[in-house]
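>>> Kindly return the folded structure for what I paste below:
(one chain, ligands or ions: 1)
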Amino acid sequence: MRSRSAGSTGWDARLSTPGSPVCTPDWLALREPADAAARDTELAALTAEELGDERPLVIRDLGCGSGSLGRWLAPRLPGPQRWVLHDRDAELLARAEAGLPATAADGTPVTALIEHGDLTDLDPAQLAGTSLVAASALLDLLTAEEVDALADACTAAGCAALLTLSVTGSVGFFPAEPLDAVFGAAFDAHQRRTVDGRRLLGPDAGAAAEHAFAKRGAVTEVRSSPWRLGPGWAGREWAELTEEWLRGWIAAACAQQPDLEAFAADYLHRRISASAAGELRVVVGHLDVLALPGPLPLQGGTT
Ligand SMILES: C[S@@+](CC[C@H](N)C(=O)[O-])C[C@H]1O[C@@H](n2cnc3c(N)ncnc32)[C@H](O)[C@@H]1O
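Sure, this is the predicted structure:
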């Protein structure tokens, strides 16, 4: 998995492909244990409670990738369940379909249907009969208009939404050093970049989603769901995950602010060495948002 390395004398240009590792199968597999540890279990329990007696549950996982959210959430919801796995990447979809648990916690069947395509083309009518729209590590790749459209579609269809692991831009290094904040600010600016005329929400995504749903009358619950990377946290592969995450984080910061390249190789080397020695902990902020349909508007007038 570790196919890239920083040059010792300067910044390695092979690392400067910002965002490229975000959705590869290897990267998604490497981050899955940290994601599982970070997800807010109380929000999942509240989701299960709020979905009530509706059966089967129909869950649409938007931007499902290789199916990490389904593997975590399906056993926490009552069955039977029907998952609609939606992504624009056919290879990831096949992995998600193959990896979905066959049964819910109560032993009832969990089935999957795949939907290949761009989720921003989602027709609100497609949500008819959906119990829950779910997403994980997706919203920061969307624009404010796309999140608004999603909130419109979910609230119009009266379905709940569980939108997990949206980055907040808060990154804590322990121990800290002055360059952390400099690279962090450049990374956040990169996350908010405009791509093909689309201004991405990046670290504003979780708050934007909460606002978009609340504005449409949904009842929202927001929880912090940070990655905690370091010895004893997030499974045995935390050092490899920390290294890969650092490489992508620094590469994106340099793409945004090229003058940082002069510091990048040394900074990366210091941080990776400290991590490998078990002397670095990193807390990467995320938000989980649950949005539940609000009370139905009163029918007819009383005046
Ligand atoms: C960071 S990955 C997260 C994958 C998965 N949800 C997880 O938590 O492991 C983002 C996923 O969203 C998908 N995606 C991003 N924008 C999309 C769009 N507009 N339409 C469909 N899929 C999209 C990508 O293909 C990728 O699988």
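>>> Would you map the strands across the stretch 151-300 of the chain?
Applying DSSP state E, counting those that start in this stretch to the stretch 151-300 of the chain gives strands spanning 160-174, 194-195, 198-199, 219-224, 227-229, 281-292.
>>> would you turn the ones you listed into CSV with mean pLDDT, distance to C64 and mean neighbour count?
Placement of C-beta: from N, CA and C, glycine included. Listed next are the strands of the stretch 151-300 of the chain as CSV, based on pLDDT from 0 to 100; distance: least, CB to CB, whole Å; neighbours: other CB atoms under 10 Å:
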stretch, mean pLDDT, distance to C64, mean neighbour count
strand 160-174, 97, 12, 22
strand 194-195, 94, 21, 10
strand 198-199, 96, 21, 14
strand 219-224, 97, 21, 16
strand 227-229, 94, 20, 21
strand 281-292, 97, 16, 22
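>>> Which of those strands sits closest to the ligand?
For the strands of the stretch 151-300 of the chain, proximity to the ligand was assessed by CB to the nearest ligand atom; strand 160-174 is nearest, at 6.2 Å.
>>> just how off-centre is that closest one within its chain?
7 Å (CA atoms, centre = their mean, to the nearest Å).
>>> about what we covered before: include distance to L142 when you put the strands of the stretch 151-300 of the chain into a markdown table, please.
As requested, the strands of the stretch 151-300 of the chain are exported to a markdown table (distance: least, CB to CB, whole Å):
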| stretch | distance to L142 |
| --- | --- |
| strand 160-174 | 10 |
| strand 194-195 | 11 |
| strand 198-199 | 8 |
| strand 219-224 | 17 |
| strand 227-229 | 20 |
| strand 281-292 | 13 |
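>>> Quick check on D40: phi, psi?
Dihedral pair for D40: phi -80, psi 110, per degrees, to the nearest 10.
>>> sorry, back to before: tell me which of the strands of the stretch 151-300 of the chain sits nearest to V84.
Closest approach to V84 among these (CB to CB): strand 160-174, 13.9 Å.
>>> List the residues that contact the residue lying closest to P124 once chain neighbours are set aside.
Closest residue to P124 apart from its sequence neighbours, by CB to CB, 6 or more residues apart in numbering: A153 at 3.9 Å. Taking CB atoms under 8 Å, 6 or more residues apart in numbering as the contact definition, A153 lies against 122, 124, 127, 133.
>>> Would you confirm that the last one contacts A161?
Just to be clear, that refers to V133. Yes: in this structure V133 lies within contact range of A161 using CB atoms under 8 Å: 4.5 Å.
>>> shared neighbours of those two, anything?
Listed as contacting both V133 and A161 by CB under 8 Å, 6+ apart are 150, 154.
>>> which among the contacts of A153 gets closest to the ligand?
Nearest to the ligand among the contacts of A153, counting by CB to the nearest ligand atom, is L122 at 8.6 Å.
>>> Just the CA atoms from whatever helix or strand A96 lives in would do, formatted as PDB, please.
Per DSSP states H and E: A96 is located in helix 90-99. C-alpha atoms of helix 90-99 as PDB (Å, rounded to 0.1, in the frame of the first residue of the first chain):
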ATOM      1  CA  ALA A  90     -18.300   1.100 -10.600                       C
ATOM      2  CA  GLU A  91     -15.300  -0.700  -9.000                       C
ATOM      3  CA  LEU A  92     -16.100   0.700  -5.600                       C
ATOM      4  CA  LEU A  93     -19.800  -0.200  -6.000                       C
ATOM      5  CA  ALA A  94     -18.900  -3.800  -6.700                       C
ATOM      6  CA  ARG A  95     -16.800  -3.900  -3.500                       C
ATOM      7  CA  ALA A  96     -19.600  -2.300  -1.500                       C
ATOM      8  CA  GLU A  97     -22.200  -4.800  -2.800                       C
ATOM      9  CA  ALA A  98     -20.000  -7.800  -2.000                       C
ATOM     10  CA  GLY A  99     -19.100  -6.500   1.400                       C
END
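>>> If anything else comes up later, I'll come back, but that's it for now.
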